[in-house]
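Asker: predicted structure and sequence below. I'll ask about it afterward.
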Amino acid sequence: MTTQARYARRPGWLTFSAVVLFAVAGLRLISAISYFSSSRKVNDLTAGLFGDSLWGWGLWDLCIAALALIAGWSLLRGATFGRIFGFVWGMLVISESFLIIGVAPWYAAATLALAGLVLYGLAVTTEDEYGGS
């Protein structure tokens, strides 16, 4: 069996994780732009980690978006670097979910579930299955 034929198919959980990371990156980018423009549509975040500093929340969302984009791109290329970034992203999002659960419980529960699924997808996929380097 040739090496190319062996790695021709990427595992479904890994692809799911990459697609979720891309989707989250896009939504977090839009959210960061909203925070930077001091939008009136933003919830009251005074009880959150950065208080009422929308600039801090925008910077946080921008970092999460960049991390998700890099991880998703790297996962689709089959690099171990993407797995590491994906795990770091998942841990950050789960931490954020617990920080904002009092402010936005449904949003926190949804992001907690998504991050959990991404972490699960990364954990059950071995490097031998997709040829991680």
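Answerer: The structure has been received and is ready for your questions. As the structure is a prediction and not an experimental result, all values here were calculated from the model.
Asker: I'd say S31 and C63 touch.
Answerer: No - here S31 lies out of contact with C63, judged by Cβ atoms under 8 Å, at a distance of 11.9 Å. Every residue, glycine included, has its C-beta placed from N, CA and C.
Asker: mind checking which of those two has more residues around it?
Answerer: Just comparing S31 and C63: by other Cβ atoms under 10 Å the higher neighbour count belongs to S31, 20 against 14.
Asker: excluding chain neighbours, what is closest to that one?
Answerer: D61 (4.7 Å; Cβ to Cβ, 6 or more residues apart in numbering).
Asker: which residues touch the one you found?
Answerer: Counting by Cβ atoms under 8 Å, 6 or more residues apart in numbering, D61 touches R28, L29, S31, A32, Y35.
Asker: how about the helices in the chain?
Answerer: Secondary structure of the chain, counting by DSSP state H: helices at 3-6, 12-36, 54-77, 80-99, 105-124, 127-130.
Asker: got a markdown table for the ones you listed, with mean pLDDT too?
Answerer: Listed next are the helices of the chain as a markdown table, based on pLDDT from 0 to 100:
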| stretch | mean pLDDT |
| --- | --- |
| helix 3-6 | 52 |
| helix 12-36 | 87 |
| helix 54-77 | 86 |
| helix 80-99 | 88 |
| helix 105-124 | 92 |
| helix 127-130 | 58 |
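Asker: where does G51 land on pLDDT?
Answerer: We have a pLDDT of 54 for G51.
Asker: can you dump the C-alpha coordinates of stretch 99-115 into PDB?
Answerer: Below are the C-alpha coordinates for stretch 99-115, written out as PDB (Å, rounded to 0.1, in the frame of the first residue of the first chain):
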ATOM      1  CA  LEU A  99     -16.600  32.900  33.100                       C
ATOM      2  CA  ILE A 100     -19.700  34.100  31.300                       C
ATOM      3  CA  ILE A 101     -22.200  31.500  32.400                       C
ATOM      4  CA  GLY A 102     -23.800  34.000  34.700                       C
ATOM      5  CA  VAL A 103     -24.100  36.600  32.000                       C
ATOM      6  CA  ALA A 104     -25.200  34.500  29.000                       C
ATOM      7  CA  PRO A 105     -26.100  30.900  30.100                       C
ATOM      8  CA  TRP A 106     -27.400  29.600  26.800                       C
ATOM      9  CA  TYR A 107     -24.400  31.000  24.900                       C
ATOM     10  CA  ALA A 108     -22.000  29.600  27.500                       C
ATOM     11  CA  ALA A 109     -23.700  26.200  27.300                       C
ATOM     12  CA  ALA A 110     -23.500  26.200  23.500                       C
ATOM     13  CA  THR A 111     -19.900  27.100  23.300                       C
ATOM     14  CA  LEU A 112     -19.100  24.600  26.000                       C
ATOM     15  CA  ALA A 113     -20.700  21.900  24.000                       C
ATOM     16  CA  LEU A 114     -19.000  22.900  20.800                       C
ATOM     17  CA  ALA A 115     -15.600  23.100  22.400                       C
END
